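Chemist: need a 3D model of the sequence below.
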Amino acid sequence: MQRGLETDAAESPEVRPEEDKTFADFGVREDICEALAEKGITHPFPIQSMTLPVALSGQDIIGQAKTGTGKTLGFGLPVLQRVVGRDDAAWASLKSPGAPQALIVVPTRELAVQVGNDISVAARKRNARVATIYGGRAYEPQIAELEKGVEIVVGTPGRLIDLHRQKYLNLQQVGAVVLDEADEMLDLGFLPDVERLLASVPEVRQTMLFSATMPGPVISMARRYMSHPMHIRASTPDDEGATKKDIRQVIYRAHPMDKDELIARALQANGRGRTIIFTKTKRAAARLSDELVKRGFAAGAIHGDLGQGAREQALRAFRNEKVDVLVATDVAARGIDVEDVTHVVNFQCPEDEKIYLHRIGRTGRAGNKGTAITLVDWDDVPRWSLINRALDLGVPEPVETYSSSKHLFTDLDIPEGTKGKLPRNKRTHAGLEAEEVEDIDGDDRRSRSGGESRGKARPSGRSSGSRSRNGGRGGRRRSEKPSQGPREGNGSGPQRSDGGSAESGGRGGDAPRRRRRRRRTGGASGSQASSAE
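Modeler: Numbering: from 1, shown residues only. Below is the predicted model:
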């Protein structure tokens, strides 16, 4: 089948947003409109009003819009309207009733949860089931959900491929495919997985691709798998790559030893609401979150060393306003969609302008105003100069700033006399502990894809990765200790080389204690000492 791509906006029909129209005016089903209205959603955002007429007609779409502009309902409502619900007369006549009819692929777990929730809200009166499939959770509940039957599947590439390969995910009835945040999937190395999924669905289908930017590999994929798509932009061409006007950007050159104090004072600015702080490393995220809690702030962390249950606990606490400060790494924070984030803080200078745009795009969403604070170390000034030049921000040399600098208080509207510890009478949030940790069985060891499962690892949080007394890491490695052999037994090295004797002797739990006793007394036999060495 010959496929093409219209990449030039001048060659594509120009689509302009229509003001003051409701979802019903675009032909959205009445039951979907009623479900949205119950949540106070009646008028579409510009990207939605531009996308809906085209998507509802069944045409392929490339939607290009900055993060936070409301793309989810732009593709979610047409998909929801397209599928045959269980209460529709045609449902029983489907080739495989209960097999997915639409597939939505996203790069991260958090984004999968957000997209799944948004579509589920719109589907409340539609009688169409939505399954969210992603790594970090046990396979069994997800398999059971698929076997029970679903109409729409939202998921991350690795887990989707796993379940499809194991014959649990039937893609033969999919009539609509959505690729959300395609440029993010490129950055995370998921494009080969996405192409594998596209090759597994029927060739005759509707395909919608959404991306903030259009790098070459994404365009190439669209050429291969889309049929004459309409290119829709939610911004003017001369605004391409620029930051949103609703975001006020403040850049400081700060000393690493003073950053904690500076952040603690900035978090007490007048009008400061929910805040996301980005760090480069998992360790920095955990450390800063703990430090802010000690200073009286309701803070939580999201990073790759946390199990999926702990990550979702922190995100739910943030959404439910039990914590108002979320410290996150880049990959873990992709897909966090909370509209009223007032402040974003770059604890270190981002690696490049693209990461900078993604980070600050967490604020100033859905027409709200936001403030982005970036702290640049002395060594990172050259990197910041490149970001400044690429985005034309007009701040080539960030002003040297300390926690006591007068301009810090003036710029951010921090009350005079504020110190780096939140007064007790202002500690109004319940804290992370007030949000229940969901019991998630299993982990993602079976997932074939490295990207989305790379960061998780332990279903119960960080405890299973803590150091044990015998110097190994907890859980699996401790149980493998007998394979190191003769230390635990009678000195017969060859008999112990496979670790079997220690297990059969029933003394695995006593091994570390006996080893310490030999070290204290020096009483090991010559053969034992030789084997241990």
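Chemist: distance between the ends of stretch 417-437?
Modeler: Using CA to CA, to the nearest Å, one end of stretch 417-437 lies 38 Å from the other.
Chemist: I'd like the numbering to begin with 29 instead of 1 from here.
Modeler: Sure, I'll start counting at 29 from here, so that last one is stretch 445-465.
Chemist: now residue 125, nearest residue through space, not along the chain?
Modeler: residue 119 (5.9 Å; CB to CB, 6 or more residues apart in numbering). Where you see a C-beta, it was placed from the backbone N, CA and C, and this is true even at glycine.
Chemist: surely that neighbour touches residue 111?
Modeler: No: counting by CB atoms under 8 Å, residue 119 stays clear of residue 111, with 9.5 Å between them.
Chemist: higher neighbour count, these two?
Modeler: The residue with more neighbours, out of residue 119 and residue 111, is residue 111; 23 against 17, by other CB atoms under 10 Å.
Chemist: give the contact list for that one.
Modeler: 129-130, 156, 179-180, 203-204 (CB atoms under 8 Å, 6 or more residues apart in numbering).
Chemist: ok, now residue 70?
Modeler: Per CB under 8 Å, 6+ apart, neighbours of residue 70: 50-51, 61, 64.
Chemist: number of nearby residues for residue 220?
Modeler: Counted with other CB under 10 Å, the neighbours of residue 220 add up to 11.
Chemist: next one: the one 5 residues further on
Modeler: As a burial measure, the neighbour count of residue 225 was computed by other CB under 10 Å and equals 21.
Chemist: how much space separates it from residue 235?
Modeler: 11 Å (CB to CB, to the nearest Å).
Chemist: got any residues that touch both of those two?
Modeler: With CB under 8 Å, 6+ apart as the test, residue 225 and residue 235 both reach residue 205.
Chemist: need the helices for the stretch 129-278 of the chain, in chain order.
Modeler: 137-150, 167-176, 185-193, 210-215, 219-226, 244-253 (DSSP state H, counting those that start in this stretch).
Chemist: of all those helices, which lies closest to residue 451?
Modeler: Minimum separation from residue 451 across the helices of the stretch 129-278 of the chain (CB to CB) falls at helix 137-150, 32.4 Å.
Chemist: which residues are in contact with residue 347?
Modeler: Neighbour list for residue 347: residue 366 [criterion: CB under 8 Å, 6+ apart].
Chemist: phi first, then psi, for it.
Modeler: phi -70, psi -40 (degrees, to the nearest 10).
Chemist: got the CA positions of the helix or strand where residue 313 lies in PDB?
Modeler: Assigned by DSSP states H and E, residue 313 falls within helix 310-322. C-alpha atoms of helix 310-322 as PDB (Å, rounded to 0.1, in the frame of the first residue of the first chain):
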ATOM      1  CA  LYS A 310      17.800   9.400  41.300                       C
ATOM      2  CA  ARG A 311      20.000   9.900  44.400                       C
ATOM      3  CA  ALA A 312      19.600  13.700  44.200                       C
ATOM      4  CA  ALA A 313      15.800  13.300  44.000                       C
ATOM      5  CA  ALA A 314      15.700  11.100  47.100                       C
ATOM      6  CA  ARG A 315      18.100  13.300  49.000                       C
ATOM      7  CA  LEU A 316      16.300  16.600  48.200                       C
ATOM      8  CA  SER A 317      12.900  15.200  49.000                       C
ATOM      9  CA  ASP A 318      14.100  13.900  52.400                       C
ATOM     10  CA  GLU A 319      15.800  17.300  53.100                       C
ATOM     11  CA  LEU A 320      12.600  19.200  52.300                       C
ATOM     12  CA  VAL A 321      10.500  16.900  54.600                       C
ATOM     13  CA  LYS A 322      13.000  17.700  57.400                       C
END
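Chemist: tell me the average confidence for that helix?
Modeler: Averaging pLDDT along helix 310-322 gives 96.
Chemist: can you list contacts of that helix?
Modeler: Contacts for helix 310-322 (CB under 8 Å, 6+ apart): 288, 291-292, 295, 305, 307, 327-333, 353, 355-357, 360, 375-376, 459-460, 483.
Chemist: picking up where we left off before, pick the one among the contacts of residue 111 closest to residue 433.
Modeler: Closest to residue 433 out of the contacts of residue 111 is residue 180 (51.4 Å), distances taken as CB to CB.
Chemist: contacts only, for the closest one.
Modeler: Residue 180 touches 107-108, 111, 128-132, 147, 151, 156-159, counting by CB under 8 Å, 6+ apart.
Chemist: closest one of these to residue 453?
Modeler: Using CB to CB, residue 147 is the member of these that sits closest to residue 453, with 41.8 Å.
Chemist: what is the neighbour count of the residue nearest to residue 183 when sequence neighbours are not counted?
Modeler: With CB to CB, 6+ apart as the criterion, residue 183 has its nearest non-adjacent residue at 3.5 Å, and that residue is residue 161. Residues contacting residue 161 under the criterion other CB under 10 Å number 26.
Chemist: so residue 161 touches residue 137, yeah?
Modeler: No: under the criterion of CB under 8 Å, residue 161 makes no contact with residue 137, lying 10.1 Å away.
Chemist: list residues touching both of these two?
Modeler: By CB under 8 Å, 6+ apart, the residues touching both residue 161 and residue 137 are residue 184.
Chemist: so the residue nearest to residue 409 when sequence neighbours are not counted bridges to which residues?
Modeler: Nearest non-adjacent residue to residue 409, counting by CB to CB, 6+ apart: residue 281, 6.7 Å away. Per DSSP bridges, the residues bridged to residue 281 are residue 404, residue 428.
Chemist: from the chain's centroid, how far away is stretch 83-96?
Modeler: Chain-centre distance of stretch 83-96: 21 Å, with CA atoms, centre = their mean, to the nearest Å.
Chemist: and what of stretch 48-62?
Modeler: 30 Å.
Chemist: which residues touch it?
Modeler: Residues external to stretch 48-62 that are found in contact with it (CB under 8 Å, 6+ apart): 46, 64, 69-72, 77, 80-81, 84, 105, 108-109, 150-151, 153-154.
Chemist: show me what contacts residue 292?
Modeler: Applying CB under 8 Å, 6+ apart, the residues near residue 292 are 320, 323, 325, 431, 447-450.
Chemist: and residue 350, its phi and psi?
Modeler: According to degrees, to the nearest 10, residue 350 has phi -80, psi -30.
Chemist: got a list of what it touches?
Modeler: 326, 457-460, 462-463.
Chemist: one more pass at 6 Å, please.
Modeler: 457-458, 462-463 (CB atoms under 6 Å, 6 or more residues apart in numbering).
Chemist: pLDDT check: weakest of those residues?
Modeler: Of all of these, residue 463 carries the lowest confidence score, 87.
Chemist: quick one, grab the pLDDT at the closest residue to that one other than its chain neighbours.
Modeler: Distances taken as CB to CB, 6+ apart place residue 345 nearest to residue 463, at 3.7 Å, with adjacent residues excluded. For residue 345, the model assigns a pLDDT of 92.
Chemist: now do residue 546
Modeler: Per-residue pLDDT puts residue 546 at 47.
Chemist: same check on residue 360?
Modeler: 59.
Chemist: what do you get for residue 553?
Modeler: For residue 553, the pLDDT comes out at 41.
Chemist: repeat that for the one 3 residues further on.
Modeler: What the model reports for residue 556 is a pLDDT of 40.
Chemist: same deal with residue 387?
Modeler: So, for residue 387, pLDDT stands at 88.
Chemist: point out where the protein drops to low pLDDT.
Modeler: Along the chain, segments meeting pLDDT under 70 span 29-47, 94-97, 263-272, 359-363, 394, 467-561.
Chemist: picking that back up, okay, among the contacts of residue 70, which ones form the most distant pair?
Modeler: 50 and 64 (9.4 Å).
Chemist: which parts of stretch 200-219 are buried?
Modeler: 201-216, 218-219 (16 or more other CB atoms under 10 Å).
Chemist: contacts for the following helix or strand past the helix holding residue 313?
Modeler: Going down the chain from helix 310-322, the next helix or strand is strand 327-330, by DSSP H and E. Applying CB under 6 Å, 6+ apart, the set of residues contacting strand 327-330 from outside is 313-314, 317, 320-321, 339, 342, 345, 351, 353-356, 360, 460.
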